[in-house]
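J.: need a structure here:
(one chain, ligands or ions: 1)
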Amino acid sequence: MESSVKHFWNEMTERASAVAEGAKDAVNDAGRYVGEKKNSAMLYIDLARLKNDCEEIYSEIGRTFYRMNSGRWPKEGETAEHRIEGLLAEVDVKEMQIRAINSKLFELSGKTTCPACGKSCQGDAVFCPACGTKLAK
Ligand SMILES: [Zn+2]
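T.: The predicted structure follows:
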């Protein structure tokens, strides 16, 4: 009993650090990839694809959870909890890629954010139209 619990925790820790490493690489890749794109049309395509991937992963999490709770998850092989954990890690990575693309799209739009009120302003605006704060150039 003791040793199987220990084994479980060791395995979980290894998995967690492998996932974290993978996520870091994915974010670095996304940053590099997004940085090279000069064309927002390509980024919109990627954004749509990533959002669609996330929807599919959420559906898969739902199915896994349902099968686990209704006793339909196979007893052999990967546990439902591991499966869900892996799926959540995949969503996290994709969400980070989506954020990277969104901020690049914002940058490409030539807009800037007011440091005082957070409103998005035209890139050539000298003052924020909402609060009148002078925008840094
Ligand atoms: Zn403002």
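
J.: In the chain, which residue is most central in space?
T.: When C-alpha atoms, centre = their mean is applied to the chain, the residue found nearest the centroid is residue 95 (1.6 Å).

J.: any idea which element the nearest residue to that one once chain neighbours are set aside lies in?
T.: Excluding the flanking residues, the one nearest residue 95 by C-beta to C-beta, 6 or more residues apart in numbering is residue 54, at 7.0 Å. The C-beta positions use only the backbone N, C-alpha and C, and glycine is treated the same way. Element membership of residue 54 [criterion: DSSP states H and E] is helix 40-69.

J.: and what of residue 87?
T.: Going by DSSP H and E, residue 87 is part of helix 80-108.

J.: Any regions of the protein where pLDDT drops low?
T.: 1-24, 26-27, 30, 33, 35-38, 137 (pLDDT under 70).

J.: Residue numbers of it in contact with the ion?
T.: With C-beta under 5 Å from the ion as the criterion, the chain comes near the ion at residues 114, 116, 117, 119, 128, 130, 131, 133.
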